[in-house]
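S.K.: return atomic coordinates for the entry below.
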Amino acid sequence: MVEMSETLNVDPAELKKFDELASRWWDPEGEFKPLHRMNPVRLAYLQDRTKLAGKRCLDIGCGGGLLTEGMARAGADVTGIDLAAGPLGVARMHLKESGLQSVRYIETSADTLAESEPSSFDVVTCMEVLEHVPDPARLVADCRRLARPGAQVFFSTINRNPKAFLLAIVAAEYILGLLPRGTHEYARLIKPSELNRWSLTAGLQFHNLTGLRFNPLNDSFSLTDNVDVNYLMHFAAPA
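M.R.: Numbers count the residues shown, from 1 in each chain. Model (predicted):
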């Protein structure tokens, strides 16, 4: 068990939220239903922008392992890390069911892993995590430290504006019930310009910004040019 310290970039209250829901992580109709709908779109975005087969990949904030296993099925050798013990335990249990051999899970933080395995990964993903940590800029910098020269780095998060507040929080959590109430805090949402600035400061090179749109009529996600609410960003470490 990882000991919490003041130096870790983690909010214990955020970990508690996900620990309490851990057992339902792989239920496609449960509290993590949006992640199940979103995951194929996120994975396709990665595969459109980089080759995963044969690559060493890192999934930061892997939770129950949805994206981690998806990348492994695409042929990657994947490390999934998280500080929430509950979801990580579920990820390990599901790995036994899936039988994938190219996945390892570690209960650790990005900054701790960057000390022991710097410049080690060809692909680094940090999906729906930045808005849950106290210092997102620091996490972006840790992603850069973990990336090999020429590595591809991917983020996804939620924009901060009135439209995002209405759709991602009010509608998703309080009206449609797509997510548990309190999943997101408006003040912690992140504008693309902020994420781009942090990434450039960390030494990453910008490649792409794409929106992620939810259609309640067919209960599905798709990529879009509109980045008002959910969005993905692709960067690369200098070769």
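S.K.: grab the longest helix from this structure for me.
M.R.: helix 33-49 (DSSP state H).
S.K.: check contacts around the closest residue to Leu130 other than its chain neighbours.
M.R.: The shortest distance from Leu130 to any non-neighbouring residue, by CB to CB, 6 or more residues apart in numbering, is to Pro136 (4.2 Å). For every residue, glycine as well, the C-beta is placed using N, CA and C. Contact analysis of Pro136 by CB atoms under 8 Å, 6 or more residues apart in numbering lists 130, 190, 195, 198.
S.K.: could you do Arg138 as well?
M.R.: With CB under 8 Å, 6+ apart, Arg138 has these contacts: 9, 111.
S.K.: and whatever helix or strand it lives in, what's buried?
M.R.: Per DSSP states H and E: Arg138 is located in helix 136-146. Residues 136-137, 139-146 are the ones in helix 136-146 that count as buried (16 or more other CB atoms under 10 Å).
S.K.: over to stretch 113-120?
M.R.: Along stretch 113-120, these residues count as buried under the neighbour rule (16+ other CB under 10 Å): 113-114, 117, 120.
S.K.: any idea of the mean pLDDT for whatever helix or strand comes next after the helix holding Arg138?
M.R.: With elements assigned by DSSP H and E, the helix or strand that comes after helix 136-146 is strand 147-158. Mean per-residue pLDDT for strand 147-158: 98.
S.K.: got the angle for strand 147-158 vs helix 136-146?
M.R.: 150 degrees (axes from the mean of the first three to the mean of the last three CA atoms, to 10 degrees).
S.K.: before we move on, back to that, now render the buried residues of stretch 113-120 as a markdown table, adding secondary structure.
M.R.: A markdown table is the format used below for the buried residues of stretch 113-120 (DSSP: H, G, I helix; E, B strand; the rest coil):
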| residue | secondary structure |
| --- | --- |
| Leu113 | helix |
| Ala114 | helix |
| Glu117 | coil |
| Ser120 | coil |
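S.K.: relative to Ala202, which of those is nearest.
M.R.: Ala114 (11.5 Å; CB to CB).
S.K.: would you confirm that Asn159 contacts Leu189?
M.R.: Yes. With contact defined as CB atoms under 8 Å, Asn159 and Leu189 form a contacting pair (6.4 Å).
S.K.: so the two - more neighbours on which side?
M.R.: Between Asn159 and Leu189, counted using other CB atoms under 10 Å, the more crowded position is Asn159 (23 against 20).
S.K.: and the helix or strand of the chain with the lowest mean pLDDT, what's buried?
M.R.: Ranked by mean pLDDT, DSSP states H and E, the weakest helix or strand in the chain is helix 12-20, scoring a mean of 85. The neighbour-count check on helix 12-20 (16+ other CB under 10 Å) flags 14-15, 18-19 as buried.
S.K.: packing partners of that helix?
M.R.: Under the contact definition 3 or more CB pairs under 8 Å, 6 or more residues apart in numbering; DSSP states H and E, helix 12-20 sits against helix 85-98.
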